[in-house]
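Q: when you get a sec, could you give me coordinates for this:
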Amino acid sequence: MPKALELRKVIELLKNYGIEFYSKSGGRHSGKFIKMGKSFPVKAHGMKTTILPYALKGLIKKFELPSDIFNRK
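A: The predicted structure is shown next:
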């Protein structure tokens with residue numbers, strides 16, 4: 001199970017996989033990670049918002065990412 005990370009760190013990691021973050025979609029305090037027709041919404045109150053483990057797990061599953069992507073240093 002991945003540990004919680006700040007949104008800015010998650011964006012940086014996912015950029016290498018061609019996944020972009022759009023903060024202006026999904027509502028006032030949310031954004032979406034998007035790649036080729038797939039999207040995953042997350043709550044975002046700023047770049048220091050903590051993305052919880054269940055959301056990180058959802059990103060791994062949705063975008064078929066390596067299971068240890070968020071545990072790497």
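Q: what ranges do the strands span in the protein?
A: Listed in chain order, the strands found in the chain under DSSP state E are 5-6, 20-22, 30-35, 38-43, 50-51.
Q: tell me the mean pLDDT for stretch 24-35?
A: Stretch 24-35 shows a mean pLDDT of 79.
Q: er, stretch 12-19 I mean
A: Mean per-residue pLDDT for stretch 12-19: 94.
Q: pull the contacting residues for the closest residue to Lys62 other than its chain neighbours.
A: With sequence-adjacent residues excluded and distances taken as Cβ to Cβ, 6 or more residues apart in numbering, Lys62 is closest to Phe40, at 4.9 Å. Glycine gets a C-beta too; all of them are placed from N, C-alpha and C. Neighbouring residues of Phe40 by Cβ atoms under 8 Å, 6 or more residues apart in numbering: 32-34, 55, 58-59, 62-63.
Q: just give the nearest non-adjacent residue to the residue nearest to the spatial centre of the chain, would you?
A: Taking Cα atoms, centre = their mean, the centroid of the chain lies closest to Val10, which sits 5.3 Å from it. Spatial nearest neighbour of Val10, excluding adjacent residues (Cβ to Cβ, 6+ apart): Ile51 at 5.2 Å.
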